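Enquirer: Predicted model and sequence below, questions to follow.
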Amino acid sequence: MDRKRRKIENENRQFCPEWMDLYCFILPDRVGALPVCLICNQTVAVMKVFNIKRHYETHKSFAEKFPLVVDENHEIDITNFTKFLESLKTEFERRYADFRKIKNVVQLLNSSFTLQPDGEWINEAENVFKCNRAHLQMEIIEFQSDDVLKNLYNEKYSKTEIDSTYDEFWLKYVSEKKYPTLKLLTVKMCTMFGSTYVCESAFLKMNYIKNKFRSRLTNEHLEMMMKIATTNHNPDLKQLVESKICHFSH
Ligand SMILES: [Zn+2]
């Protein structure tokens, strides 16, 4: 009897597409996936309408704001919203899929003094960032016993909750000479997002420079102008002018 009942329950555990419209749930497209709530991104362990409905009912304010039926004549079609959210979620998962490969090594930025020198992070550093394993291990051991850095870190950075300030610690205070592999690895991680931005803004500037009115622009000239457009360097114009002798006759 018991076995029979369990069998029926198992058979029933299939995701109904209409749960997306009714309860804002989707089923991610991978093996063993559980239904995900589109409102709060939580999963429900049991794939049954009772559990899904019960979860949806916890979002009372959402159900009130976006009721399925307002009155007899005005029916709100939330299919568009749910479809949009679903594709957004898929896009996020696709775009950030690679971050799973470095989920341990990014801890180096904020828990560098407590990481185990032979933890999983070192495998990720070796596979993804192509670091030299032996060098990295030697450097992290030395780094963790560096009292000056440790005190500085504890004083200034350990209490902060903003991730971006860790960049400052690594970029400003960790010596490149003493910890070349470690520093290069952290710099790579700190600039992962920044480099996408720099790249895109450089292409945007190139489109401005290389417009249709500049038909005689040479490659050499373009390169020079790109350098000027993208550099952060501020030339000391006053000194440059003073060092030149101007010929007013020309
Ligand atoms: Zn939810």
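Expert: Structure received. Numbers count the residues shown, from 1 in each chain.
Enquirer: Need the phi and psi values for the residue nearest to the spatial centre of the chain.
Expert: Nearest to the mean C-alpha position of the chain, counting by Cα atoms, centre = their mean, stands Tyr96 at 6.2 Å. Tyr96 has phi and psi values of phi -100, psi 20 when expressed as degrees, to the nearest 10.
Enquirer: mind showing which ranges of the chain have poor pLDDT?
Expert: Counting by pLDDT under 70, the chain contains low-confidence ranges at 1-12, 68-77, 159-165, 194-196, 246-250.
Enquirer: Enumerate the residues of it near the ion.
Expert: Taking Cβ under 5 Å from the ion, the part of the chain that reaches the ion is made up of Cys37, Ile39, Cys40. Every residue, glycine included, has its C-beta placed from N, CA and C.
Enquirer: any idea how far Phe62 is from the second one?
Expert: As judged by Cβ to Cβ, to the nearest Å, Ile39 and Phe62 stand 5 Å apart.
Enquirer: Okay, the residue nearest to the centre of the chain and Thr90: tell me how far apart.
Expert: With the distance defined as Cβ to Cβ, Tyr96 ends up 11 Å from Thr90.
Enquirer: How about Arg13?
Expert: Taking Cβ to Cβ as the criterion, Arg13 is separated from Thr90 by 23 Å.
Enquirer: higher neighbour count, those two?
Expert: Looking at Arg13 and Thr90 with other Cβ atoms under 10 Å, you find the greater number of neighbours at Thr90, namely 13 against 10.
Enquirer: Give me the residues contacting stretch 184-202.
Expert: The set of residues that contact stretch 184-202 without belonging to it, under Cβ atoms under 8 Å, 6 or more residues apart in numbering, is 102, 105-106, 108-109, 125, 129, 131, 136, 166-167, 170-171, 174, 176, 226, 229-230.
Enquirer: out of the residues of the chain next to the ion, which are buried?
Expert: Of all these considered here, the ones buried according to neighbour count by 16 or more other Cβ atoms under 10 Å are Cys37, Ile39.
Enquirer: Mind checking which of the residues of the chain next to the ion land in strands?
Expert: Judged by DSSP state E, strands contain the following of those: Cys37.
Enquirer: which one of the residues of the chain next to the ion is nearest Lys83?
Expert: For the residues of the chain next to the ion, the minimum distance to Lys83 (Cβ to Cβ) is 14.8 Å, reached by Ile39.
Enquirer: Pull the contacting residues for that closest one.
Expert: With Cβ under 8 Å, 6+ apart as the criterion, the residues that contact Ile39 are Cys24, His59, Phe62.
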